[in-house]
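Novice: Sequence and predicted structure below; questions after.
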Amino acid sequence: MRLGYSLAYWGSAGLNLAEHRALVREAERLGYDSVWSAETYGTDPASLMAWLAGQTGRIALGTSVMQMPARRPVAAAMTAATIDQISGGRFRLGLGFSGPQLVEGWHGLPFERPLVHARDYINVVRMALAQEPISYEGPTLTLPLPDSQGKELTLAVAPVQERLPIYLGALGAESIRLAGELADGWLPFHFPAGHLADCTGLLREGAERAGRSLEGFDVAPMVMVLVDDDLETAYDMMRPMLALYLGGMGSRRMNFYNRLARRLGFEKEAETLQEAFLAGRQGEAISAIPDELVDLMTICGPPARVRDRLTAYREAGATTLVVGVVPPTLRLRLDQLRIIAECAS
């Protein structure tokens, strides 16, 4: 199992540009396989990966995830091919559909049939990256426009990689099947190891639907990790980020992370913390997250405990574990990258 490092939402961690660069370079020095940057309504992850391509020499560069509603699929393909050229073939295109808050509130688009949109989107991105003339007709996308002056065009720059990896961020059963059917990797967020093992069967179902093999497919869960001898302190450091995801990362009617917590058996706690978070009572929301849920959705505690949890992810089928680190300072984050690498060795 390889290690990846998540920058999360660049700009939200209280670190400056030079400090983030130092963390990525240290991850590369320690043997981390990849670095990933997320997208909400702040910094653009593709721009950051292009910048980091010139600051690094080996580590793979991924988006986790670029929002499909934010870019036309051919624009995403152009971006991916460009960064792949700049980096010498190190780019990984992580895509996701986001949720109604961002799709409708930030991009001004209806949140409708996300899986149908995602299928059309990935198909067109794949065609463009393969430098095929773009001629496509799907339920949500037709290129060129019929009865128009449009013509079939071909991406004028090829990626370095013969098949540039496309990853899909997915939490629900059908979206996981879609990853197995169309993508080269799956990016689940805050997934427990046991739940990961249960869901790999969905990947196989998707692959079978497409008549393809999952050989070389990258199962790459993103999990917050904190190595600390004081388990209670570790729990408390994990709770604020979990409260944000489970309570505020989505609307009251549709929060995919909150739904995941409910599926894991924490329906009452998920409801309580979401209600508190959306009402502006963040402290109450943080306190509502039980130790057991923190344990399932993160990896934290003394080194021996962290080693056991890393082993559990490996045995559950993870081929890359993308770790997020939570300490507030550069020195502490650098220490965590080193200690996590030691625990994984």
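Specialist: Thanks, I have it. Every value quoted in this text rests on a predicted model; they were computed, and no experiment measured them.

Novice: so where's the stretch 151-300 of the chain shaky on pLDDT?
Specialist: Applying pLDDT under 70 to the stretch 151-300 of the chain picks out no residues at all.

Novice: tell me, what residue is most central in the protein?
Specialist: In the chain, the centroid-proximal residue (C-alpha atoms, centre = their mean) is S64; its distance is 3.4 Å.

Novice: Backbone torsions only: list them for the residue nearest to Q85 when sequence neighbours are not counted.
Specialist: Nearest non-adjacent residue to Q85, counting by C-beta to C-beta, 6 or more residues apart in numbering: V160, 6.1 Å away. In short, each C-beta sits where N, CA and C put it, glycine included. Note on V160: backbone dihedrals following degrees, to the nearest 10 are phi -70, psi -40.

Novice: Tell me the secondary structure at A27.
Specialist: Look at A27: counting by DSSP: H, G, I helix; E, B strand; the rest coil, its state is helix.

Novice: who touches it in this structure?
Specialist: 5, 35, 59, 337 (C-beta atoms under 8 Å, 6 or more residues apart in numbering).

Novice: What segments of the stretch 1-150 of the chain are helices?
Specialist: Ranges of helices in the stretch 1-150 of the chain, per DSSP state H, counting those that start in this stretch, are 17-29, 45-53, 73-87, 100-105, 114-129.

Novice: Lowest average confidence across these, which one?
Specialist: Mean pLDDT values for the helices of the stretch 1-150 of the chain show the minimum at helix 100-105, a mean of 89.

Novice: now that one: how far from the chain's centre is it?
Specialist: Helix 100-105 sits 18 Å away from the centroid of its parent chain (C-alpha atoms, centre = their mean, to the nearest Å).

Novice: Now that helix: buried residues?
Specialist: By 16 or more other C-beta atoms under 10 Å, the buried positions in helix 100-105 come out as 100-104.

Novice: Kindly reformat the residues you listed as CSV containing distance to T140.
Specialist: Compiled in CSV, these are given as follows (distance: C-beta to C-beta, whole Å):
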residue, distance to T140
P100, 17
Q101, 21
L102, 18
V103, 13
E104, 16
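
Novice: Can you tell me which of the helices of the stretch 1-150 of the chain is nearest to G317?
Specialist: Among these, the nearest to G317 by C-beta to C-beta is helix 114-129 (22.0 Å).

Novice: can you pull out the strands in the stretch 101-250 of the chain?
Specialist: Ranges of strands in the stretch 101-250 of the chain, per DSSP state E, counting those that start in this stretch, are 136-137, 142-143, 166-169, 185-187, 218-219, 222-227.

Novice: for those, which one sits closest to L129?
Specialist: For these, proximity to L129 was assessed by C-beta to C-beta; strand 166-169 is nearest, at 8.1 Å.

Novice: Nearest residue to P73 in space, please, no chain neighbours.
Specialist: Spatial nearest neighbour of P73, excluding adjacent residues (C-beta to C-beta, 6+ apart): V124 at 4.0 Å.

Novice: From A210, how far out is the one you found?
Specialist: 16 Å (C-beta to C-beta, to the nearest Å).

Novice: which one of these two has more residues nearby?
Specialist: V124 (22 against 12; other C-beta atoms under 10 Å).

Novice: wait, that one sits on T140?
Specialist: No: look at V124 against T140 with C-beta atoms under 8 Å: they stay out of range, at 10.3 Å.

Novice: burial of R259, as a residue count?
Specialist: Residue neighbour count, defined by other C-beta under 10 Å, stands at 16 for R259.

Novice: From P240, how far off is it?
Specialist: Distance, R259 to P240, using C-beta to C-beta: 20 Å.

Novice: Could you list the domains of the protein?
Specialist: If you go by automatic domain parsing, the domain ranges for the chain are 2-226+301-344, 230-300.

Novice: Count the residues that sit near G54.
Specialist: Counted by other C-beta under 10 Å, the residues lying close to G54 total 9.

Novice: residue ranges of the helices in the stretch 151-300 of the chain, please?
Specialist: Along the stretch 151-300 of the chain, counting by DSSP H, counting those that start in this stretch, helices occupy 173-182, 193-210, 231-243, 256-263, 267-278, 282-287, 291-297.
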